[in-house]
Structure formats: C-alpha cells, structure tokens
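Engineer: fold the following for me, if possible:
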Amino acid sequence: MQIQFMGAARTVTGSKHLITTEQGTKILLDCGLFQGIETDELNQNFHFNPAEVDYMVLSHAHIDHTGLIPRLVRQGFTGPIYCTPATADLCNIMLLDSAHIQETDLKRVNERRERQGRPLIEILYEAADVEQALKQMKTVRYNQPFWLNDEVEARFTDAAHLLGSAAISLTINEPSGTKRLTFTGDIGRPNDKILRMFEPFPQADYIICESTYGAKLHEPEPDMKRHLLEIVEETCVKNGGKLLIPAFAVDRTQEVVYALDQLASEGRLPVLPVYVDSPLSVKATRVMQDNEDCFNPDILAYIHKDGDAFDFPNLHYVSDVADSKAINTRPGPCIIISSSGMAEAGRIKHHIKNNIEDPHNTILLVGYASPSSLGGALKRGDEQVKIFGETFDVRARVAVMDSFSAHGDYQEMLQFLSCQDATKVKTVFLVHGELEKQQIWQGHLQGAGFQHVEIPDMYESVTL
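Structural biologist: Below you'll find the predicted structure:
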C-alpha cells in the first residue's frame, strides 16, 4: 500500500492524501483548495489523474479540505464521496459559495493579468460541477462501519473541529496483511463552546495527523469572553471605531456570535450594531441550528433557557450586496463579522480595504491564517499589505484571539491521540502544518511514546 501526500504537506492548506492499495484501489482522503497567494498552479493541477480515483472520503467541509472536489469531478472523477450528514449539508452551501467567489475574483484577477500582458487563468470549476459533486456524496453517521469495496472498511468518529467533522479510520485487507490507518482530519478542542467532545478512534498502525498548532498552547479559555469584551470596548466605545472580525462562515462565525450573545444576555455588551455580513454565514447558521445533535450539553441548555444562541438585539444578518456596501458608509462604531477567516476572499476583503488605514479601527483575527494569506500578513505584523492588487498601509490595530480557534493545541492534540497505544503505532505522518511547527510537534509526539514520526514533503510517496 502507498500513500502519496498531494496537499497540506509542510503547509496548512490543500489537504489531499492519495492511498493506493496493493490491489490497485485508489482512495483520496480530502480534496482541499490551496488558499493564499501564488496558488494558481497548485489548484489547477492535481499531479494525479482524477479519473483513476475510485473513492473519496471526506473529513470535514472546510474549503481547504473540500474546495477542489468540484474540479476533481470536472476532470473525470465519478466515484462516491463519503462524508457525515452534517458535512454534506455544509458542502451544499459552501461549495456553491466557493464557485461564486472564484468566478467573481477570477474576473478581477484576469482583468489585471490582461493589463500586465500575462496569460489568463482558467476557472477551476463552475456551479454545474458543484451540483454534480453533491450528487456523488453518500452520507454515513459517526461510528457506523461501511465498506468501500470488499477490501476496505471505513469508519467516522467525531473530531470536534467543525459541525460534522470526523477522523477517518480505514481497515485495509491486503494480500500482505491487514493495515489499519487513521487520518485525523483537523483535530478540534475538548472544550469547544458549541460542539461535542471528540471521540476515541480505533487502534491504528499508521496515523496521518494534522499539526497546525503543534508548537503552541492556546490562550486559557476562562479569559475568552473578557478578552473579546475588552477589544469591543476599546475599539468601539473608547476609539469610536469599527471592529472587523474575519471569520470562517461555519462554526467560527457562530462561536463569535454565541460569545456576543452571552455578553448581551449578561448585560455587558455595549449597545451598538453587530453585522454578520456574509450570505454563507447566514445559511451556515441555519445549517448549524438544524444539526443540534452535534452540539454539546452546555449550549443546548443555554438554547433551552435563552431561546437562541445566535440572535440578540442589534444583531443583523446581511445577505444583500447593497446592504453590505452600506455598512462601510454608515457612521459610528460597529462590529462586522464576515468571511473568509483568512481574509483571502469574500466581503471581508472589501471591509478591510475600506477600513485598514484608520487607526480608530481594529481587525481581530480569531483563528488560523496561512502565512501567504492577507490574514497571515496582518497576523505577522506587516506594515503594508496588498488587497485587490493595491497596496495599503496597516494603520488599524491588529489583535489576535487564538482562544476561538477550532484547532487543538499540542496538549489538546495529545489528548485526542491518547486513545492509542503508541507502541502499536508504526508511523505517524505529520501533515497540515508549517515545517518548523511540525518539527516541534514531532518532538512532543516522540515524548509521548510515538517512536516513528515523519514529516512528508509535497508529492512524496511512502510505501507501508
């Protein structure tokens, strides 16, 4: 059996891992979009033949794990795509949104490239490709074993990273013997404010493990609401500015809204407009509300008491383009929550462009941002950034709150892996992380008893 790491190898986006069994079955784990600057070639070319892939198994709905599925279909993949029901619900809205964003952004990019005399970029996929991909999705619930074919059995277990997110465990019966492989997907946090606790997964011989925060510990959870309130008060009350929060439309937006809902319920949130400016976030909130079976007991108790965890006075959900543009001309302080989380696409880029040079404003980053993305540049402290091809001085304050992160830190990821007998795991392959952080995470894993921990490079192929 071989694993070839076709994405998220020594980088955090573009999750894609191709398994080829001894009998020639090809299984693709995730098919994510590379996000950030200079990713055209990475997204245009798979470096494998999509028509030869037999099955796809999907860990969760984030675009860096799903965003190239329609292109895979466009280029000839006809097999089933297995995922959890909540993941399918989210893909239904997120992939169509991705197609729309690509079409809009590509027009702008190609106009600029044409002026520069550079070749135009081909569109990755269109809405029709998304519709076909959705038809190929087959849903399976957590802890329900299912067979891809007569040699491969699969199982999803809750990874607590996103609504419907899962670790994927495969049992592969080959002529040379049975191999048990688990792909963690993205690992969530044990005390997520919305989602249930992650679950143990079956003992594995090999683990493909994420490593986003393998080198750090998050801000202590008890400080989260206080920290958020301090930023709101300093920006909106003291400075009279706007608080811009780039947030992934699914889970992160709802987690921020839930925190603000609690502050409003407690009478501590200043009275000011709060805008969730993203059609996708509006739809995602409805999907979240329709999948309360994934929620933890605490938020379910809050909903029973409060009636709704995602609605409070002065909160406005914005879908219409004209209403979105009007926010920027509206006088006075406000909070704007908008996607995407890495500030790399969507309406948040327009809000940042219009507000980044005003020192009264704050841009609050509440999750991971790839170093090559706009969010990554802001998080890094760059004094100037490019937005839609124009250069802007960063005069707005940039604040960071990693306590909202849906990625576990290294202690939380070790807790997730504690269900394993480390002496029985032959190799852990680290993916979905920057190399320096992976090397630190490698040391933590070896200290926990995992003897063989490897960091594969892009397109590297490993025989098990």
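
Engineer: domain map for the protein?
Structural biologist: 2-216+406-463, 221-404 (automatic domain parsing).

Engineer: could those be laid out in CSV, adding mean neighbour count and mean pLDDT?
Structural biologist: From N, CA and C alone the C-beta is placed, and that goes for glycine too. As requested, these are arranged in CSV below (neighbours: other Cβ atoms under 10 Å; pLDDT from 0 to 100):
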stretch, mean neighbour count, mean pLDDT
domain 2-216+406-463, 20, 95
domain 221-404, 19, 93
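
Engineer: next SSE downstream of the longest helix along the chain?
Structural biologist: Assignment by DSSP state H gives helix 85-115 as the longest helix of the chain. Per DSSP states H and E, helix 85-115 leads on to helix 127-135 as the next helix or strand towards the C-terminus.

Engineer: what does the helix or strand just after that next one rub up against?
Structural biologist: Downstream of helix 127-135, the next assigned helix or strand under DSSP H and E is strand 137-139. Applying Cβ atoms under 8 Å, 6 or more residues apart in numbering, the contact partners of strand 137-139 are Pro80, Ile81, Tyr82, Cys83, Thr84, Pro85, Thr87, Ala88, Cys91.

Engineer: need the residues that contact the helix or strand just after strand 137-139.
Structural biologist: Moving toward the C-terminus from strand 137-139, the next helix or strand (DSSP H and E) is strand 146-147. Residues outside strand 146-147 that contact it (Cβ under 8 Å, 6+ apart) are Tyr82, Val140, Glu153, Ala154, Arg155.

Engineer: what sits against the closest residue to the third one other than its chain neighbours?
Structural biologist: Spelled out, that is Glu153. Distance criterion Cβ to Cβ, 6 or more residues apart in numbering; nearest residue to Glu153, sequence neighbours excluded, is Thr171 at 4.5 Å. Neighbouring residues of Thr171 by Cβ under 8 Å, 6+ apart: Val152, Glu153, Ala154, Thr178, Lys179, Arg180, Pro202.

Engineer: my guess is Thr171 is in a strand, correct?
Structural biologist: Yes - counting by DSSP: H, G, I helix; E, B strand; the rest coil, Thr171 is located in a strand.

Engineer: how close does it sit to Arg180?
Structural biologist: 5 Å (Cβ to Cβ, to the nearest Å).

Engineer: if we can go back for a sec, helices and strands around the longest helix of the chain, which ones?
Structural biologist: helix 63-66, helix 69-74, helix 127-135, strand 137-139, helix 279-290 (3 or more Cβ pairs under 8 Å, 6 or more residues apart in numbering; DSSP states H and E).

Engineer: gap between the helix or strand hosting Val276 and the chain center?
Structural biologist: Element membership for Val276 (DSSP H and E) is strand 274-277. Mean C-alpha position of strand 274-277 versus that of the full chain (Cα atoms, centre = their mean, to the nearest Å) differs by 20 Å.

Engineer: show me what that strand is in contact with.
Structural biologist: 253, 257, 260, 282, 285, 312, 314-318, 324, 327, 334-338, 347-348, 351.

Engineer: what about the helices in the chain?
Structural biologist: Going by DSSP H, the chain shows helices at 40-44, 63-66, 69-74, 85-115, 127-135, 224-232, 252-265, 279-290, 297-306, 321-329, 347-355, 374-380, 410-417, 435-447.

Engineer: let's have those helices in JSON lines, adding distance to Asn239.
Structural biologist: What follows is the helices of the chain, written out as JSON lines (distance: least, Cβ to Cβ, whole Å):
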{"stretch": "helix 40-44", "distance to Asn239": "39"}
{"stretch": "helix 63-66", "distance to Asn239": "33"}
{"stretch": "helix 69-74", "distance to Asn239": "43"}
{"stretch": "helix 85-115", "distance to Asn239": "31"}
{"stretch": "helix 127-135", "distance to Asn239": "42"}
{"stretch": "helix 224-232", "distance to Asn239": "11"}
{"stretch": "helix 252-265", "distance to Asn239": "19"}
{"stretch": "helix 279-290", "distance to Asn239": "26"}
{"stretch": "helix 297-306", "distance to Asn239": "30"}
{"stretch": "helix 321-329", "distance to Asn239": "17"}
{"stretch": "helix 347-355", "distance to Asn239": "12"}
{"stretch": "helix 374-380", "distance to Asn239": "18"}
{"stretch": "helix 410-417", "distance to Asn239": "34"}
{"stretch": "helix 435-447", "distance to Asn239": "34"}
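
Engineer: among those helices, which comes closest to Glu52?
Structural biologist: Evaluated over the helices of the chain, closeness to Glu52 peaks at helix 69-74, with 11.2 Å, by Cβ to Cβ.

Engineer: so which elements touch that closest one?
Structural biologist: Using 3+ Cβ pairs under 8 Å, 6+ apart: helix 69-74 touches helix 85-115, helix 127-135.

Engineer: which one, of the ones you listed, ends up nearest to Ile303?
Structural biologist: Closest among the helices and strands packed on helix 69-74, using Cβ to Cβ: helix 85-115, at 17.1 Å.

Engineer: related to what we said a few turns ago, any common contacting residues for Thr171 and Arg180?
Structural biologist: With Cβ under 8 Å, 6+ apart, Thr171 and Arg180 have common neighbours Pro202.

Engineer: related to what we said a few turns ago, now flag whichever of the contacts of Thr171 is closest to Ala61.
Structural biologist: When those are compared against Ala61 (criterion: Cβ to Cβ), the nearest one is Ala154, at 17.8 Å.

Engineer: how much space is there between that closest one and Met56?
Structural biologist: 11 Å.

Engineer: report the set of residues contacting both of the two.
Structural biologist: With Cβ under 8 Å, 6+ apart, Ala154 and Met56 have common neighbours Tyr82.

Engineer: now do stretch 182-196: distance from first to last residue.
Structural biologist: 20 Å (Cα to Cα, to the nearest Å).

Engineer: quick check: the residue nearest the centre of the chain vs Glu344, distance?
Structural biologist: Nearest residue to the geometric centre of the chain (Cα atoms, centre = their mean): His62, 4.1 Å. Distance, His62 to Glu344, by Cβ to Cβ: 13 Å.
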